[in-house]
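Asks: Coordinates for the following, if possible.
(one chain, ligands or ions: 1)
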Amino acid sequence: MPLFWKDAAMLHLEGLTKTYKTGDAALSDVTLTIPKGQIMGLIGPSGAGKSTMIRCINRLVEPSAGQVVLSDVDLVRLGKSELRRQRRRIGMIFQEYSLVERLTVMENVLSGRLGYVPFWRSFLRKYPPSDIQLAYRLLDRVGLMDQADKRADALSGGQRQRVGIARALAQEPELLLVDEPTASLDPKTSRQIMRLLIEICAERGLPAIINIHDVPLAQQFMQRIVGLRAGRVVFDGPPEQLNEAALTEIYGAEDWNAMRRGDEEQADAEADAKRRLEAIAV
Ligand SMILES: Nc1ncnc2c1ncn2[C@@H]1O[C@H](COP(=O)(O)OP(=O)(O)OP(=O)(O)O)[C@@H](O)[C@H]1O
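Replies: Numbers count the residues shown, from 1 in each chain. Alright, predicted model coming up:
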């Protein structure tokens, strides 16, 4: 990698490979560089290795080979305690939100600070005032200021994902890893959440890798799209270059045609529902 690239690179994956104990080659020799501020969408069919890639980056899954270099630190080589420290630099957002249901919205956001407070403080859930101010600022940013004292289990799916975003940001991360953030949401809420994520990353120059099932959503919002198939990168480019040929390469002809028909049917159904609603309103 040329030096100037390395300076600009926030995350560099070199030959990243994962073979599970079962013998599944989930990721094969993936080499990618993500510069500061870039938002990259990861697409590919089920089983292509998207989640494995995201989980190898923060070592929730141990890579079998390769490097994960986060601004000069190779995370793969770190021992447990140093890895724990370095993980603070990576914020995670999950499909199922993984909130603590019985805690309030505020407490969930503050839990993003746990990596920074001493154990006794986290045990007593005593956070310094600066953390509390930060959590309020973040709740305001994601539009949930008035929900701060509600229990997490009283929120809608979209609101829960907003809490998930605020919690990840409370960590003050340098990189965001986002695993199917909208998979449990309806199309409209999905677009709102994706827009919020993109805006927040842009405001902070925060690079992100977003594992995203929905191709049109990826095309609408991502700056760069990486397509995985059977653990290998088969497309890497801007959304404009993600044409029929590229999509066929990623998904295979049969699956891509089925997905496209599904999308068209959904768009038709949405347009039809809108027309009916407008007719009733008149
Ligand atoms: N814990 C595991 N043990 C063994 N094999 C696994 C494990 N997790 C994933 N795999 C296998 O690794 C491959 C990649 O799976 P992965 O979940 O990363 O794909 P994905 O692209 O995220 O799929 P999806 O879109 O369905 O979530 C698959 O063949 C899967 O069966």
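
Asks: Going by C-alpha atoms from here, please, whenever you check contacts or count neighbours.
Replies: Fine.

Asks: Stretch 58-78 near the ligand anywhere?
Replies: No. Stretch 58-78 stays clear of the ligand (CA under 6 Å from any ligand atom), getting no nearer than 8.2 Å.

Asks: Could I get the buried residue list for that stretch?
Replies: Neighbour-count burial for stretch 58-78 flags 58-59, 62-71, 74-76 (criterion: 16 or more other CA atoms under 10 Å).

Asks: Widest-spaced pair of those?
Replies: Based on CA to CA, the longest span within those runs between 64 and 71 and measures 21.2 Å.

Asks: So for residue 282, what's the pLDDT?
Replies: On the pLDDT scale, residue 282 is placed at 60.

Asks: Helices along the stretch 51-200 of the chain, start to end?
Replies: 80-87, 105-110, 119-124, 129-141, 157-170, 187-204 (DSSP state H, counting those that start in this stretch).

Asks: Would you tell me which of those helices gets closest to the ligand?
Replies: Closest to the ligand of these, according to CA to the nearest ligand atom: helix 187-204, at 16.9 Å.

Asks: Which other helices and strands does the closest one contact?
Replies: helix 157-170, helix 215-221 (3 or more CA pairs under 8 Å, 6 or more residues apart in numbering; DSSP states H and E).

Asks: quick one: the longest one to helix 187-204, angle?
Replies: It stands for helix 157-170. 20 degrees (axes from the mean of the first three to the mean of the last three CA atoms, to 10 degrees).

Asks: From the chain's centroid, how far away is helix 157-170?
Replies: 12 Å (CA atoms, centre = their mean, to the nearest Å).

Asks: Could you tell me the angle between it and helix 129-141?
Replies: 140 degrees.

Asks: what's in contact with helix 157-170?
Replies: 91-94, 97-99, 105, 108-113, 134-135, 138-139, 142-144, 152, 176, 181, 184-185, 189-190, 193, 197 (CA atoms under 8 Å, 6 or more residues apart in numbering).

Asks: Show me the beta-bridge partners of the most centrally placed residue in the chain.
Replies: Centroid-nearest residue in the chain, with CA atoms, centre = their mean: residue 178, separated by 1.1 Å. For residue 178, the beta-bridge partners under DSSP bridges are residue 93, residue 210.

Asks: was I right about it contacting residue 211?
Replies: Yes. Proximity of residue 178 to residue 211 meets the contact threshold set by CA atoms under 8 Å, at 6.1 Å.

Asks: what touches both of those two?
Replies: residue 54.

Asks: Which residues of the stretch 1-150 of the chain lie near the ligand?
Replies: 20, 22, 24, 26, 45, 46, 47, 48, 49, 50, 51, 52.

Asks: Write a ChimeraX command that selects only the buried members of these.
Replies: In ChimeraX, this line selects whichever of these come out buried by 16+ other CA under 10 Å:
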select :26,45,48,49,50,51,52
